[in-house]
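A.B. asks: need coordinates for the below:
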Amino acid sequence: MLYSKYFKRLLDFIFALLFFILFWWILLLISGAILIFDGFPILFIQSRVGQYGRPFKIYKFRTMVKDAERIGPKSTSAGDARITPIGKFLRKTSLDELMQIFNILKGDMSFVGFRPGVFENYKESDYKSGIFNVKPGISGYAQVYGRSGLTLAQKREWEKQYVQDISFMTDMKILARTISIALIGRGAY
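C.D. replies: The predicted structure is shown next:
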C-alpha cells in the first residue's frame, strides 16, 4: 500500500526522466522515419480511460494511415490494412509506445498498470471492479501474459489481478518480462 500510494509515482517520474535523457535520440529517429516515409502527423493522440475512469490523452507514434479511425474501427486486428510498413515494425517492437514516457512524466500513466483502452471497450461492471484505482500503464499483466491474443474479458481479469498484486517486486517482474517480449516482438499487431 505504501509503495502504490507514494513510491510508485516517484519511481515512475525518476525513471521516465532518466529514460528521456538517455534515449531522446531514439524518439527523434522514429519521428524522422515516420515523417520521411509517411508524413505528418507523427503522433497518434487519443482519448483513453485513465485512473478513476477519467479521460486523458494518450501519446503514441502513428503506425496507421492518416485518418485511420474514419476508415475503420478504433481497434486493430492481425492483418489490418491500415497499418503502415513502418507501423508494422514499430508495433512489433512496441516502439510505438515510447511516446507514453510523456504521459508518465505528466502523471497520467505509470510504467505498469492496466492498459488504457477506449471508453467503448469498458462495461459498467469494469468501473466497479477496482481496475481504475491505479494509473494505467505502458505494460501490465495482460501485456506479458497474452498481449493481443487475449479477449477483452481475459484482459479485464488480468487487470483486476494486478490491483490485488501491486508491489515493487510485481512491477519489476512485469517490466523485465515486458522487455524480453518487446525484444522478440511476440503477440503484437
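
A.B. asks: where does the protein have low pLDDT?
C.D. replies: Residues of the chain meeting the criterion pLDDT under 70: 74, 185-189.

A.B. asks: can you map out the helices along it?
C.D. replies: Applying DSSP state H to the chain gives helices spanning 2, 8-38, 68-71, 85-93, 101-106, 124-128, 141-144, 152-165, 168-184.

A.B. asks: and the residue nearest the centre of the chain?
C.D. replies: Ile138 (3.5 Å; CA atoms, centre = their mean).

A.B. asks: that one and Pro116 touch, don't they?
C.D. replies: No - at 9.6 Å, Ile138 does not count as touching Pro116 under the criterion of CB atoms under 8 Å. The C-beta positions use only the backbone N, C-alpha and C, and glycine is treated the same way.

A.B. asks: how about Met64: what's its closest non-neighbour residue?
C.D. replies: Once flanking residues are discounted, Met64 sits nearest to Arg82: 4.5 Å by CB to CB, 6 or more residues apart in numbering.

A.B. asks: list the contacts for the one you found?
C.D. replies: For Arg82, the contact set (CB atoms under 8 Å, 6 or more residues apart in numbering) comprises 64-65, 68, 71-72, 76.

A.B. asks: buried ones among these?
C.D. replies: 64, 68, 76 (16 or more other CB atoms under 10 Å).

A.B. asks: for these, give me a markdown table that also has distance to Phe40.
C.D. replies: Formatted as a markdown table, these follow (distance: CB to CB, whole Å):
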| residue | distance to Phe40 |
| --- | --- |
| Met64 | 14 |
| Ala68 | 14 |
| Thr76 | 21 |
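
A.B. asks: how much space separates Val144 from Ile184?
C.D. replies: 12 Å (CB to CB, to the nearest Å).

A.B. asks: buried sites along stretch 92-100?
C.D. replies: Neighbour-count burial for stretch 92-100 flags 92, 94-100 (criterion: 16+ other CB under 10 Å).

A.B. asks: ok, those vs Arg9, which is closest?
C.D. replies: Gln100 (15.3 Å; CB to CB).

A.B. asks: surely that closest one is in contact with Phe61?
C.D. replies: No - assessed by CB under 8 Å, Gln100 is found out of contact with Phe61, at 9.8 Å.

A.B. asks: I'm done for today, thanks for sticking with me.
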